[in-house]
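S.K.: Build me a model:
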Amino acid sequence: MTVILCASVDNALLELGLFEGEQLLLATEIGCDGTLTAVQYAVAIRSVLAFGQEPQGDLAGAILSSVVPSVTEKLRQALALLTGRPPLVVGPGMRTGLNVRLDNISSVGGDFICCCIGALDQAPPPLVVANLGWVSTFSGLDPSGTFVGRSILPGVVACRDMLHQGAAQLPSVALEGEAPLLGRSTGEAIRSGLLHGYGAMLDGLAAQYEEQLGTGAQWILTGSNAPLLRPYCGQRWRHLPHLTLQGLCRLYRKNDR
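M.R.: Here you go, the predicted model:
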């Protein structure tokens, strides 16, 4: 079996996926640690993939998307160690097939590109794509499938941490606990504000995007915090958990020679 390894790193997590053709065999993640060496990353990646019990012996290649410059080169070397060849790296000069109408296209992170490509593979435009991680992003694709605009904001975990650090009497709370809208304890009140408030923000911003993109836009939710926030959002959202990995797989097929 010939498989490829797709890797996407944000400020907190390294997301990994094994694909055979277009079929996702395994999706997993490990923490993003700037102190690890390339060899340590290679060992960690190999270990977590082996734990998933998927065969990796015939890795044909790899592709990397990174928005953390301090670990990009280490991960590039780690993927080369695992596959025996340099990985593809999402960035300027890569063929994407995505029409982009933004200022300074070279500054657009690979996470935006991968999500948009993955979304267009799953649904017809216009599309609103929300990628919820340490940083949350919105991408707008018009009826022609052109990437026409985006928004960047703190993720819900980052908001929780900033609230704790900036308000002396507010504790840091687990976001997975009970979150009634009308919180009775301090912990419930914080979870209510963060989870119900964030869900309302997602719905409201998506509605404003749709006004710009055209009626009938599909709303797509992805990212590591999407499962946490999905229950607090409206019913129009469609949760696609591995959108970035699927976009990376498409990019690999388009650029591998």
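S.K.: what are the pairing partners of the helix or strand hosting residue 29, and which direction each?
M.R.: Following DSSP states H and E, one finds residue 29 within strand 23-31. Strand 23-31 has the following strand partners under DSSP bridges: strand 13-20 (antiparallel).
S.K.: Report the distance from the strand it pairs with to the chain centre.
M.R.: Strand 13-20 sits 11 Å away from the centroid of its parent chain (Cα atoms, centre = their mean, to the nearest Å).
S.K.: Other residues contacting that strand?
M.R.: 1-9, 24-32, 45, 48-49, 52, 54, 56, 75, 133-134, 224, 242, 244-245, 248-249, 252 (Cβ atoms under 8 Å, 6 or more residues apart in numbering). C-beta: built from backbone N, CA, C; applies to glycine.
S.K.: again, only using 7 Å
M.R.: 1-8, 24-32, 45, 48-49, 54, 56, 224, 242, 244-245, 249 (Cβ atoms under 7 Å, 6 or more residues apart in numbering).
S.K.: quick one: buried residues of the strand holding residue 29?
M.R.: Across strand 23-31, burial judged by 16 or more other Cβ atoms under 10 Å covers 24-27, 29-30.
S.K.: Tell me the first helix or strand C-terminal of it.
M.R.: Strand 23-31 is succeeded, C-terminally, by helix 38-51 (DSSP H and E).
S.K.: what residues does that following helix touch?
M.R.: Counting by Cβ under 7 Å, 6+ apart, 16, 18, 26, 28, 30, 56, 74-75, 77-78, 81-82 sit against helix 38-51.
S.K.: Would you map the helices across the chain?
M.R.: 38-51, 69-83, 110-122, 156-166, 186-191, 197-213, 226-229, 243-255 (DSSP state H).
S.K.: taking the mean pLDDT, what do you get for the fourth one?
M.R.: With pLDDT averaged residue by residue, helix 156-166 scores 95.
S.K.: still on that earlier bit, now list the buried members of the contacts of strand 13-20.
M.R.: In these, the ones that pass as buried (16+ other Cβ under 10 Å) are 3-8, 24-27, 29-30, 32, 45, 49, 56, 224, 242, 244-245, 249.
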